[in-house]
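Participant: Structure for this input, please:
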Amino acid sequence: MIIANFIAYILCIIGALNWGLYGIFDFNLVSWIFQGPRTAGAITLYVIIAVAALWLIISPIITGWGLRLSRRDEDSAARAHR
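Facilitator: Numbering: from 1, shown residues only. Just a heads-up that it's a prediction; the model follows:
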């Protein structure tokens, strides 16, 4: 799950940067890369970023309201129980 959370965070950051560029400069980076906002590549990337955002919403619920990004959280929790 740590890897999935890390990838989801990166994808959400990419999505947020794209929205920031669009809001500030009226420049859609994804549309520019894929030569249009409704091309198969752009739609695929938008869907992947949306799924990543949904994962970040659902992941804490699945894991008991904790979102882990490193193994240190697991190690420190194991040490606390000793």
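
Participant: Tell me the spacing between the residue nearest to residue 63 when sequence neighbours are not counted and residue 22.
Facilitator: With sequence-adjacent residues excluded and distances taken as C-beta to C-beta, 6 or more residues apart in numbering, residue 63 is closest to residue 1, at 6.7 Å. All C-beta atoms are positioned from the backbone trio N, CA, C, and that covers glycine. For residue 1, the distance to residue 22 equals 31 Å [C-beta to C-beta, to the nearest Å].

Participant: buried set for stretch 11-29?
Facilitator: When burial is assessed from 16 or more other C-beta atoms under 10 Å, stretch 11-29 yields the following buried residues: 11-12, 14-15, 18, 28.

Participant: Quick one: residues contacting residue 59.
Facilitator: 1, 4-5, 8, 67 (C-beta atoms under 8 Å, 6 or more residues apart in numbering).

Participant: Mind checking which of those are in helices?
Facilitator: 4-5, 8 (DSSP state H).

Participant: so residue 2 sits right up against residue 63, yeah?
Facilitator: No: if you go by C-beta atoms under 8 Å, residue 2 and residue 63 don't touch, sitting 10.4 Å apart.

Participant: just checking, residue 37 touches residue 28?
Facilitator: Yes: between residue 37 and residue 28 there is a contact at 6.3 Å, judged by C-beta under 8 Å.

Participant: which one of the buried residues of stretch 11-29 sits closest to residue 53?
Facilitator: residue 12 (5.5 Å; C-beta to C-beta).

Participant: helix or strand right after whichever strand or helix holds that closest one?
Facilitator: Element membership for residue 12, per DSSP states H and E: helix 2-25. Going down the chain from helix 2-25, the next helix or strand is helix 29-33, by DSSP H and E.

Participant: Need the mean per-residue confidence for the helix or strand just after that next one.
Facilitator: Later in the chain than helix 29-33, the nearest helix or strand by DSSP H and E is helix 40-62. Taken as a whole, helix 40-62 carries a mean pLDDT of 94.
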